[in-house]
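Q: okay, predicted coordinates and the sequence, questions at the end:
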Amino acid sequence: MRYLLVDRITEWEAGRFMAGVKNVTLSEDVFEYHFPRFPVMPGSLLLEALAQLAGWLEGAGTGFEGWLLLERIRSVKYYGFALPGDQVALRVEAAGEEDGLRLFKGTAQVEGQRRAAVEFAARPVRLADYEDPGEQRALFRVLRREAPIAEAMQ
């Protein structure tokens, strides 16, 4: 099973930053267990959403030749919960390279209030080894609202 945790990409600049949103809904499978009667989005999924956003930054910036795999979490701080009904604003910024890894800083906020701040390192990989680059390019157009799903997937 793969969770796609970025619902929309709102802005980006190749090699520098990407911003997007995650809409948290009560119908997500994860809330069955996290936690019964008190559903909160797991902090690890906020981190994963930011790592996925960095993957989109790499993909879009390389013409969907490259992608990133999360390798190291340098720091993570959680400041509050993301609850069903929240729209989480995600942002990652490139912060350099080290030992062949790309470094990123990311934040997750709800209504301007910080929910998580992370620093992580990711390994660049060839996208074709993991996903169909054409499908990822089409999904990126959908996430950017550049095309409806049916048109983008043709």
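A: Good, I have the coordinates. Numbers count the residues shown, from 1 in each chain.
Q: who does residue 8 bridge with?
A: Beta-bridge partners for residue 8, by DSSP bridges, are residue 21.
Q: wait, doesn't it sit right on residue 19?
A: No: in this structure residue 8 lies outside contact range of residue 19 using CB atoms under 8 Å: 9.5 Å. Backbone N, C-alpha and C define where each C-beta goes, glycine included.
Q: after the helix or strand residue 52 falls within, next one along is what?
A: Following DSSP states H and E, one finds residue 52 within helix 43-61. Sequence-wise, the next helix or strand downstream of helix 43-61 (DSSP H and E) is strand 66-78.
Q: for that following strand, give the mean pLDDT please.
A: For strand 66-78, mean pLDDT rounds to 97.
Q: what is it packed up against?
A: helix 43-61, strand 101-110, strand 113-126 (3 or more CB pairs under 8 Å, 6 or more residues apart in numbering; DSSP states H and E).
Q: same thing but at 7 Å, please
A: Secondary-structure packing of strand 66-78 (3 or more CB pairs under 7 Å, 6 or more residues apart in numbering; DSSP states H and E): helix 43-61, strand 113-126.
Q: which other residues reach the first one?
A: Helix 43-61 is touched from outside by 3, 5-6, 9, 12, 14-15, 18, 20, 22, 30, 66-68, 70, 73, 76, 78, 82, 88, 90, 92, 104, 106, 108, 115-116, 118, 120, 122, 124, 127, 136, 140, with contacts defined as CB atoms under 7 Å, 6 or more residues apart in numbering.
Q: ok, now with 6 Å
A: 5-6, 14-15, 18, 20, 22, 66-68, 70, 78, 90, 92, 104, 106, 108, 116, 118, 122, 136, 140 (CB atoms under 6 Å, 6 or more residues apart in numbering).
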